[in-house]
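1. Pasting a predicted model and its sequence here:
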Amino acid sequence: VACKIHHHSSSRKKTQSISSSIPQGHSRSLLKGTAERRVRRSDTSFTVSASLTSPQNNVALKWHGLHHTTFIVSDLEVSLKFYQSILGLEVDQSRPTSENTGAWLKMGQDRVHLLCVPTPDPTDISSRPEHGGRDRHICVGIEDIKPLEDSLTKAGIPFTKSKSGRPAIFFRDPDSNTIEVGQSLAWRET
């Protein structure tokens with residue numbers, strides 16, 4: 001995979017090329033072609049283009065789905081209040097935690113693991129993309145998005161709607177972890 005980032009601003013133009021190879025035997029689905037996207041952020045814009053190739057060897061693996069997502073948090077009590085009071089998640093008491101460093105929460109059939117350890121990621125929101133869809137994030141489905149929008153609004157938590165026009169929103173938890181929630185039918189059999 002080869003990726004080029006063209007940085008444009010009023011004072012300079014800079015091109016950065018990033019190349020990486022996929023080791024043989026590693027499973028990564030890539031499509032042939034070129035993807036290009038222009039990203040704007042304040043007075044700076046970026047054009048990102050990537051050349052994509054197909055893997056030479058396919059490995060037949062039978063995935064069951066995403067078991068859990070771990071978010072690094074700085075204050076477990078504040079995070080639990082957010083995830084329980086605003087998102088309505090329940091603590092999964094059956095999951096182990098060690099020395100009060102975290103908690104497991106139920107989200108449908110999946111789990112969210114809150115892990116209270118020092119983070120290597122920037123939590124200063126000004127250094128992250130404004131729209132959560134341009135940042136690392138998880139996406140979960142919900143039957144009706146309106147009650148969640150109401151809960152976030154009531155709590156004063158900003159969110160942005162999907163730029164594609166589909167019923168989905170992006171928001172951040174107290175540690176700037178990004179969550180996308182899309183209104184959809186359940187995609188798994190129960």
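-> Great, that's in hand.

2. which residues in the protein form strands?
-> Using DSSP state E, the strands assigned to the chain run over residues 2-8, 13-19, 33-41, 44-52, 68-73, 90-91, 102-107, 110-116, 137-142, 159-161, 168-172, 178-183.

3. Show me what the shortest one is in contact with.
-> With contact meaning CB atoms under 8 Å, 6 or more residues apart in numbering, strand 90-91 is reached by 80, 84, 103-106. For every residue, glycine as well, the C-beta is placed using N, CA and C.

4. Repeat the analysis, applying 6 Å as the threshold.
-> 103, 105-106 (CB atoms under 6 Å, 6 or more residues apart in numbering).

5. would you turn those into CSV with pLDDT?
-> Formatted as CSV, the contacts of strand 90-91 follow (pLDDT from 0 to 100):
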residue, pLDDT
103, 93
105, 95
106, 95
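
6. buried subset of those?
-> Burial by neighbour count, judged by 16 or more other CB atoms under 10 Å, picks out 103, 105 from the contacts of strand 90-91.

7. Quick check: of the contacts of strand 90-91, which lies closest to residue 112?
-> The shortest gap between residue 112 and any of these belongs to residue 105, at 4.5 Å (CB to CB).

8. Which residues are in contact with the closest one?
-> Counting by CB under 6 Å, 6+ apart, residue 105 makes contact with 83, 89, 91, 112.

9. 10 Å - rerun?
-> 68, 71, 79-80, 83-84, 87-92, 95, 111-114 (CB atoms under 10 Å, 6 or more residues apart in numbering).

10. Ok, residue 121 next?
-> By CB under 10 Å, 6+ apart, the neighbours of residue 121 are 72, 127-128, 136, 175-177.

11. Most neighbours among those, which one is it?
-> residue 177 (24 neighbours; other CB atoms under 10 Å).

12. Need the nearest residue in space to that residue, chain neighbours excluded.
-> In this structure, residue 177 finds its nearest non-sequential neighbour in residue 71, 4.4 Å apart by CB to CB, 6 or more residues apart in numbering.

13. Ok, residue 107 next?
-> residue 89 (5.8 Å).

14. got any ranges where the protein has weak pLDDT?
-> 1-58, 98-100, 185-190 (pLDDT under 70).

15. longest helix in it, by residue count?
-> Secondary structure of the chain per DSSP state H: the longest helix is helix 146-154.

16. Restricting to C-alpha, output that helix in CSV.
-> Extracted in CSV, the C-alpha atoms of helix 146-154 (Å, rounded to 0.1, in the frame of the first residue of the first chain):
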residue,chain,number,x,y,z
LYS,A,146,-33.2,9.8,18.3
PRO,A,147,-33.2,8.9,22.1
LEU,A,148,-29.4,8.8,22.0
GLU,A,149,-29.3,12.3,20.3
ASP,A,150,-31.7,13.5,23.1
SER,A,151,-29.5,12.0,25.8
LEU,A,152,-26.3,13.6,24.4
THR,A,153,-28.0,17.0,23.9
LYS,A,154,-29.4,16.9,27.5
